[in-house]
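Q: Quick one, structure for this:
(2 chains)
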Amino acid sequence: MTKILKTAKKSGIQSAAAGYRRTLRRMVRFSNNSITVTNTWLSETPTVYLVSSKRRAACIVEEQDLSRLTEAVEELARTMKLTPEGDTDFALPKGPFKYQPVEGTYDKRVENAETELIDAVQLGIDAARKEGAVRSSGVVTSRVLERYVLTSEGAEGSDKSTEIAMTIRAFTNDDASGQGIALATSLDQFNAQQAGRTAGRISKLALNPQPGEPGRYKVVFGPSIFANLLGRVGDSVSAYAVDLGFSFFQGMLNQQVASETFTLSDNARLPRSPGSTSLDDEGVPTRENLLINKGRLEGFLHSSYTAAKEKASLTGSASFEASIGGMTPDAHNILVNPGESSFDDLIDLAQDGLYVTNNWYTRFQNYRTGDFSTIIRDAAFRIINGRLAHPVKGLRLSDNMIRILRSVKTLGSERNWIKWWEVNTPTLTPYALVDGVGMTTANK
Amino acid sequence: MDQEFAQLAVSQALRAGAEYAEARVQGDRGHTYTLKNGSPEPVTIARSLGIGVRVIVDGAMGFASTNSLDKSQLARVTEAAVRTAKASRNLLVSPIRLSEEKTWDDNWEAGMNVDVEGISAEKKFELLFTIEKSLAQENVHVSLPSRILVFDEELTEKVYANSNGTKLHGFVPRLSLLYYITAEQPGKGIVQRIHHLAQSCGWEVVDDWRPSEIAAEDARSLGTLLREGVAPPKEEVDVVLGPEVTGIICHESCGHPQEADRILGREAAQAGESYIKPNMLGHRVGSERVTIIDDPTLPKSYGYYKYDDEGVKAGPRTLIKEGVIAGFLHNRETAAELGTTSNGASRSSAYDREPIIRMGNTYMKPGDYLFEELVEGVKHGVYLKNFMEWNIDDRRYNQRYVGLEAYMIEDGRVTVPVRNPILEITTPGLYGSVDAVGKHLEFSGATCGKGDPMQGAPVWTGGPAIRLRGIHLGG
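A: Residues are numbered from 1 along each chain as shown, chains lettered A, B, ... in the order given. Okay, the predicted model is just below:
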């Protein structure tokens, strides 16, 4: 990495950040109660981000031959001299920095966990079956990640983390399914049985769904679907999304964007949490960032580029991006403060409404306005007289993100970690009761 | 790129106890150039080179990969693939088998007339600046507060070998131009257009795309929509869909549900299953006007490949013929399970991804109608030229497309713009409503997402304009 920074300097680059990731990932996939494939991935990946005279460039070279990385840096340095200036003059943050490790983010036993993953599949399937599921599908994944960051501005740091995760989707028939999730940084915390039990129990309750009716409902969101929507909130609090014109929070700083019951932060310092880390990809120490406080938008996540452009403080959120942006601000762990209501309280408060457990395929009509729709997936239930009446199917949530955030009425007291195929950023969220949520259905 | 290295991986896997083995050395090198509101964003280079090894041991499948092309590391991953597969065999309901396929020894490529890597970065930015200039307010007559223009090139080289004796070397260059433009009119709101032009070929294609002209046309239509757009009709109407909408429909509600791995439940926990069951070949799902084909071998197409990533030669496959389900997309595993042969639909996005069933270029077969004839046959209706938001449930039955550029049709003529018409409909409801199909075929570039970990596959979606009778639009 030192050599790469020297190459950058020699090529006339003013400021550079070199990163190195060594990853060992394992995955066991299963469907219809049977393992379909085991995967093992080993990779060593250097990245370089260059800043010079209002110009930026980035490369990722996932190749063993380090001369390729040198070539890429030299090519980018030449290209930067030939391209017009960008819109902001800035340099990478001045180091050195002190980094405080985050407690409980590494478990050595995950390094060698192979049979443990297969055992988790068995435990999950058996637990779902016991609850009444006929068949289950899913994935168990482990990851060991070593990171090292070195910048021309004197920042240097590293950390090592582990993650173990399971998604299980249980079916009692084609129309009745439920999902369970387990997510942890250590094997001790990881509970595959619990995920299987949740999936199986929900799939049993989902039997014999009736067609859902379009309309506006009081909706109790389960943690999986609420985390999916919060992921979009996480995208929109990135100052780079604002810069691109893709944020529904554009122009709303210091305004009320959600109801007063809603407080959201991004915290990379939370112990035993899957997205926690001591430094970002520009070598800046991480911190807790309060983003929405009692409904008011307090700030955005920044990299050094967006912070310089918006004259804002760094947030320790820079993340290397191999495509658009090069180095962009991203959330590490999205957290929503819990409320005081139990699940039963929320159903009772809804009185006449819906309880939805999961979703998929969220798409925006317009990233700026926040108009979107998403498909309700797995079990959903009609709530009548404050009780779960019967399962429903065929619904699509069609609404606006700001309207939903402003209509959050009550939050549950229990929180769950969510990360799965549809939720990239680890998210700790309670159940949520939201008023007047639009639901539509196919009409032919 | 070394064929012997792939062969070595196959030999090592067989020696370690695999009954079947395949190895793919894959290198990808890409450049991305971005202009944001007239200001250059970072040029990025993404390169990867590595090997993925897939094995079957006692009926269990294992995959392992590394980006180190070192022999000792190769031995480590090959051994890991075999060891983990073996360890999983006690949780197999039935052993995995692969269909018998012809073996090949071939060297293939999608050629470049003008090598895109030989074109300077200045020239590529010049392309983006020319488009930017065409979007000036005096040219498009609407304010565009956000304009993101992205030119992307990705060159993929693969060496493949399997224990059946197939040996392949392939090369595909892929170019794409993607733009996001946001138009705003005070008091009228904000609309966004995302447009993707993409092909497998060299720099020579860029002029053919007419990007400045197309982007300016898109921007002008957004302005007209904001200024003059009316609410969509609430009553039942006839609907004409433009080729871009027909294409996404064919991809989402024909291509995906006819992927055999979904039908058999292998993707249930992620991309989902299908409303189609294995015994539904011959089942009617649309009108006789509807024939849908997936063909990865269309020359210069974005989804082009000659052989898939299991070494099976690709060709056109008819998915729906005259409204009836005619075939599924197969890899060797699903083909064996359903007693047929693979039709070469197994693709992998990188060296470290297992091959899974994917589309190539999916489109509706053109019919006999000129666009004007489709419209002439509508007394009261809506024309959806293109779309913005869309989604579909995970059994591919209940789908929604929200029109962006759209117009009323009155007495056989396209008239005023319509804001946000929503087509929300079931798959048989949609295909069963098609009463006329245009004769002019067009394609759009897209990146299809599937798999865990996610694999983005370059595809074309296509079709002619089509006409649907008796539709209730939401919005």
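Q: from here on, contacts and neighbour counts on C-alpha atoms
A: OK.
Q: give me the number of residues near the nearest residue to A:T369 once chain neighbours are set aside?
A: Nearest residue to A:T369 in three dimensions, chain neighbours excluded: A:F248, at 5.2 Å (C-alpha to C-alpha, 6 or more residues apart in numbering or on different chains). Residues near A:F248, counting by other C-alpha atoms under 10 Å in any protein chain shown, number 24.
Q: Which residues are in contact with A:F248?
A: A:236, A:367-370, A:401-402 (C-alpha atoms under 8 Å, 6 or more residues apart in numbering or on different chains).
Q: Sort out for me which of these are in helices.
A: A:236, A:401-402 (DSSP state H).
Q: coming back round to it: wait, a helix at the residue nearest to A:T369?
A: No: counting by DSSP: H, G, I helix; E, B strand; the rest coil, A:F248 falls outside a helix, being coil.
Q: which residues does A:R272 contact?
A: By C-alpha under 8 Å, 6+ apart, A:R272 lies in contact with A:102-105, A:184-186.
Q: so which of those residues is the most crowded?
A: Going by other C-alpha under 10 Å, A:T185 tops the contacts of A:R272 with 26 neighbours.
Q: mind listing what that one touches?
A: A:T185 neighbours (C-alpha under 8 Å, 6+ apart): A:104-107, A:161-164, A:272-274.
Q: circling back: export the contacts of A:F248 to TSV and tack on neighbour count?
A: TSV is the format used below for the contacts of A:F248 (neighbours: other C-alpha atoms under 10 Å in any protein chain shown):
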residue	neighbour count
A:S236	24
A:Y367	23
A:R368	21
A:T369	20
A:G370	23
A:M401	24
A:I402	18
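Q: now those residues as JSON lines including pLDDT?
A: Converted to JSON lines, those look like this (pLDDT from 0 to 100):
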{"residue": "A:S236", "pLDDT": "98"}
{"residue": "A:Y367", "pLDDT": "94"}
{"residue": "A:R368", "pLDDT": "94"}
{"residue": "A:T369", "pLDDT": "95"}
{"residue": "A:G370", "pLDDT": "97"}
{"residue": "A:M401", "pLDDT": "98"}
{"residue": "A:I402", "pLDDT": "98"}
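Q: closest to A:N228 among those?
A: Nearest to A:N228 among these: A:M401, at 11.6 Å, using C-alpha to C-alpha.
Q: need the contact list for that closest one.
A: A:M401 neighbours (C-alpha under 8 Å, 6+ apart): A:229, A:248, A:370-372.
Q: still on that earlier bit, quickly name whichever of the contacts of A:R272 is closest to B:E228.
A: Taking the contacts of A:R272 together and measuring to B:E228 by C-alpha to C-alpha, the closest member is A:A184, at 53.3 Å.
Q: which element is B:G449 on?
A: strand B:442-450 (DSSP states H and E).
Q: Which helix or strand lies directly C-terminal to that strand?
A: Per DSSP H and E, strand B:442-450 leads on to strand B:455-463 as the next helix or strand towards the C-terminus.
Q: Let me see the ranges of the helices in the stretch 251-400 of chain A.
A: Applying DSSP state H, counting those that start in this stretch to the stretch 251-400 of chain A gives helices spanning A:304-310, A:343-350.
Q: helices and strands around the longest one, which ones?
A: For helix A:343-350, the packing partners by 3 or more C-alpha pairs under 8 Å, 6 or more residues apart in numbering or on different chains; DSSP states H and E come out as strand A:215-221, strand A:387-393, strand A:408-420, strand A:423-440.
Q: which helices and strands sit right next to the last one?
A: This points to strand A:423-440. strand A:215-221, helix A:223-236, strand A:334-336, helix A:343-350, strand A:396-400, helix A:401-406, strand A:408-420.
Q: Report the buried residues of it.
A: A:423, A:425-440 (16 or more other C-alpha atoms under 10 Å in any protein chain shown).
Q: And the lowest mean pLDDT element among the helices and strands of chain B?
A: helix B:137-140 (a mean of 93; mean pLDDT, DSSP states H and E).
Q: mind giving me the domain ranges of chain B?
A: B:3-228, B:237-471 (automatic domain parsing).
Q: Averaged pLDDT, the longest one. What do you get?
A: Looking back up the chat, that one is domain B:237-471. Computed over domain B:237-471, the mean pLDDT rounds to 98.
Q: End to end on that domain, go ahead and measure it.
A: Start and end residues of domain B:237-471 are separated by 5 Å (C-alpha to C-alpha, to the nearest Å).
Q: that older thread, may I see the helices and strands packed on helix A:343-350 organised as JSON lines, with mean pLDDT and distance to A:D174 added?
A: Below are the helices and strands packed on helix A:343-350 laid out as JSON lines (pLDDT from 0 to 100; distance: least, C-alpha to C-alpha, whole Å):
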{"stretch": "strand A:215-221", "mean pLDDT": "98", "distance to A:D174": "23"}
{"stretch": "strand A:387-393", "mean pLDDT": "98", "distance to A:D174": "12"}
{"stretch": "strand A:408-420", "mean pLDDT": "98", "distance to A:D174": "21"}
{"stretch": "strand A:423-440", "mean pLDDT": "98", "distance to A:D174": "22"}
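Q: of all those, which lies closest to A:M80?
A: Among these, strand A:423-440 sits nearest to A:M80 (C-alpha to C-alpha), with 32.2 Å.
Q: one step back: if you compare the domains of chain B, which one is most tucked away?
A: domain B:237-471 (a mean of 22; mean count of other C-alpha atoms under 10 Å in any protein chain shown).
Q: quick one: is it near chain A?
A: Yes: using C-alpha under 8 Å from any C-alpha of the partner chain, domain B:237-471 reaches chain A at B:265-270, B:352, B:388-394, B:398-400, B:402, B:424-426, B:429-430, B:452, B:471.
Q: Name the SS class of B:T334, please.
A: Per three-state DSSP, B:T334 ends up helix.
Q: coming back round to it: so can I have TSV of the helices and strands packed on helix A:343-350 showing distance to A:A318?
A: What follows is these, written out as TSV (distance: least, C-alpha to C-alpha, whole Å):
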stretch	distance to A:A318
strand A:215-221	31
strand A:387-393	41
strand A:408-420	20
strand A:423-440	14
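Q: tell me the pLDDT at the closest residue to chain B within the stretch 251-400 of chain A?
A: Proximity of the stretch 251-400 of chain A to chain B (C-alpha to the nearest C-alpha) peaks at A:Q365, 4.4 Å away. Among the per-residue scores, A:Q365 shows a pLDDT of 93.
Q: give the contact list for it.
A: A:Q365 neighbours (C-alpha under 8 Å, 6+ apart): A:371-372, B:192, B:388-389, B:402.
Q: Once you drop chain neighbours, what's closest to it?
A: Leaving aside its chain neighbours, A:Q365 sits nearest to B:E389 (4.4 Å; criterion: C-alpha to C-alpha, 6+ apart).
Q: Residue numbers of the stretch 101-250 of chain A in contact with chain B?
A: A:114-115, A:118, A:122, A:137-139, A:167-169, A:244-245.
Q: export those residues to JSON lines and tack on pLDDT, neighbour count and distance to B:A85?
A: Converted to JSON lines, these look like this (pLDDT from 0 to 100; neighbours: other C-alpha atoms under 10 Å in any protein chain shown; distance: C-alpha to C-alpha, whole Å):
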{"residue": "A:E114", "pLDDT": "95", "neighbour count": "21", "distance to B:A85": "11"}
{"residue": "A:T115", "pLDDT": "95", "neighbour count": "12", "distance to B:A85": "11"}
{"residue": "A:I118", "pLDDT": "97", "neighbour count": "25", "distance to B:A85": "10"}
{"residue": "A:Q122", "pLDDT": "98", "neighbour count": "20", "distance to B:A85": "15"}
{"residue": "A:S137", "pLDDT": "98", "neighbour count": "27", "distance to B:A85": "18"}
{"residue": "A:G138", "pLDDT": "98", "neighbour count": "31", "distance to B:A85": "17"}
{"residue": "A:V139", "pLDDT": "98", "neighbour count": "28", "distance to B:A85": "15"}
{"residue": "A:T167", "pLDDT": "98", "neighbour count": "28", "distance to B:A85": "20"}
{"residue": "A:I168", "pLDDT": "98", "neighbour count": "33", "distance to B:A85": "20"}
{"residue": "A:R169", "pLDDT": "98", "neighbour count": "30", "distance to B:A85": "22"}
{"residue": "A:L244", "pLDDT": "96", "neighbour count": "18", "distance to B:A85": "45"}
{"residue": "A:G245", "pLDDT": "94", "neighbour count": "24", "distance to B:A85": "47"}
